[in-house]
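J.: Here is my input, please return the structure:
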Amino acid sequence: MAMDEALTERKLTILKAIIQNYLETGEPVGSRTLSKYTDLKLSSATIRNEMADLEDLGYISQPHTSAGRIPSDKGYRFYVDLLMEKKEQEISEREDALLEKTDKVEKVLQQAAKVLASNTNYATMITGPQVGTNKLKFLQLSRMEEGKLLAVIVVEGNLVKNTILNIESDISEEELLKLNVLINSALNGLTIDQINLGIITQLKEQAGDYSCVVGSVLEAVAEAIKHESAPVIYTSGANNIFRYPELSDEKNAQRLISTFEEKEELAKLLEDNLDKNSESGSQSNSGIQVYIGEENGMQDMKDCSVVTARYDLGDGVQGTLGVVGPKRMDYEKVVGTLKNLRDQLDAIYKKNEP
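T.: The predicted model follows:
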């Protein structure tokens, strides 16, 4: 975005302060109000002069004599373009770093599954890195045909979801611009649990005639945040099952091998490990879960024990390590091996950070 040469850093700071204050209150913003912003450190007189210049440049307007200023359409447009440019740069930088880190870790995970199987003499499974608790990073509403809006939703981990929203009445570019600023200012950086009734009510009140649009947007955001794609699963050591008589009869072995090959049931079990640890909100259990027999919820593994451990690579990126064996498995050795492997993954990941 080309920067207006007349917009000095001080004018830009004041313009952003006016817009943010107006978004919060809906009231014209005066110089005295802005002078209370601790980061401005400017007198009311200086602010008034800068506001006059901003008005001459068309970024703000004065609805009534002796009243404060409000953003003009030009001011809103500049603010939104600036916000989008900043977000796009942040997303690009995060995505590049995350992809590089993830690529390195996934190569390690493929080998780690083999090492884990060799060290335990059981079957093993490891999920590739996933984003744990998603947060909204950015949202952009755009007009399509009449009665439809395109919502581009960027969530933590730089996952992008596109959703088409049906609206009862058309919305002007000006109102859509204000709605974009309003929604992003209120929701950026929040998880689904943090978007509470108070935030929703305030958003709908500020949206006025377009409160129904806000409702549709919130539903789309909730769906985007909670949705998670199926994880990549690396497996190894399935043939170790034949080492144990209680698992090696033809019928049992065939079911277990099939489960490892298809991986759908394994994905549910490993995702359950992430969910349980996320709900606990702590490391008190060291991310370890032990499922004995039917506790794992899979009929084909009712004669097995499954031990899983969560690994956490920071930036909300997590995954699960798992070991499958007979109920008489050496639990102490398995838990110790999983903890050791998790520590090694953490060390490798940090060592290879770009």
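J.: can you map out the strands along the stretch 51-200 of the chain?
T.: 60-61, 70-71, 123-127, 130-131, 136-143, 148-155, 159-166 (DSSP state E, counting those that start in this stretch).
J.: I'd like these as CSV, with mean pLDDT, distance to Val115 and mean neighbour count appended.
T.: C-betas here are computed from N, CA, C, even on glycine. Shown next, in CSV, are these (pLDDT from 0 to 100; distance: least, C-beta to C-beta, whole Å; neighbours: other C-beta atoms under 10 Å):
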stretch, mean pLDDT, distance to Val115, mean neighbour count
strand 60-61, 92, 63, 20
strand 70-71, 90, 59, 22
strand 123-127, 89, 9, 27
strand 130-131, 61, 21, 19
strand 136-143, 81, 36, 20
strand 148-155, 81, 33, 18
strand 159-166, 78, 30, 14
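J.: Tell me which of these lies nearest to Glu24.
T.: strand 70-71 (12.5 Å; C-beta to C-beta).
J.: Who are the packing partners of that closest one?
T.: helix 9-25, strand 60-61 (3 or more C-beta pairs under 8 Å, 6 or more residues apart in numbering; DSSP states H and E).
J.: Save the strands of the stretch 51-200 of the chain as a markdown table, and put in distance to Glu173 too.
T.: Shown next, in a markdown table, are the strands of the stretch 51-200 of the chain (distance: least, C-beta to C-beta, whole Å):
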| stretch | distance to Glu173 |
| --- | --- |
| strand 60-61 | 18 |
| strand 70-71 | 15 |
| strand 123-127 | 44 |
| strand 130-131 | 33 |
| strand 136-143 | 7 |
| strand 148-155 | 12 |
| strand 159-166 | 16 |
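J.: Between the ones you listed, which one is closest to Glu219.
T.: The nearest among the strands of the stretch 51-200 of the chain, by C-beta to C-beta, is strand 159-166 at 8.7 Å.
J.: helices and strands around the closest one, which ones?
T.: Looks like strand 159-166 contacts strand 148-155, helix 211-226 (3+ C-beta pairs under 8 Å, 6+ apart).
J.: moving C-terminal of the last one, what's the next helix or strand?
T.: Elements were assigned by DSSP states H and E; along the chain past helix 211-226, the next helix or strand is strand 233-236.
J.: Rounded mean pLDDT for that next one, please.
T.: Mean pLDDT, strand 233-236: 88.
J.: List the strands paired with it, with their directions.
T.: Paired neighbours of strand 233-236 in the sheet (DSSP bridges): strand 123-127 (antiparallel).
J.: all strands in the stretch 251-354 of the chain, in order from the N-terminus.
T.: Going by DSSP E, counting those that start in this stretch, the stretch 251-354 of the chain shows strands at 288-292, 304-312, 317-326.
J.: As JSON lines, these with mean neighbour count, distance to Gln206 and mean pLDDT would be great.
T.: Formatted as JSON lines, these follow (neighbours: other C-beta atoms under 10 Å; distance: least, C-beta to C-beta, whole Å; pLDDT from 0 to 100):
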{"stretch": "strand 288-292", "mean neighbour count": "17", "distance to Gln206": "44", "mean pLDDT": "88"}
{"stretch": "strand 304-312", "mean neighbour count": "24", "distance to Gln206": "37", "mean pLDDT": "86"}
{"stretch": "strand 317-326", "mean neighbour count": "25", "distance to Gln206": "34", "mean pLDDT": "85"}
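J.: Of these, give the one that comes closest to Leu266.
T.: strand 317-326 (7.5 Å).
J.: other SSEs contacting the closest one?
T.: Packing partners of strand 317-326 (3+ C-beta pairs under 8 Å, 6+ apart): helix 73-120, strand 123-127, strand 130-131, helix 264-280, strand 304-312, helix 331-351.
J.: just flag whichever of the ones you listed has the lowest average confidence.
T.: strand 130-131 (a mean of 61).
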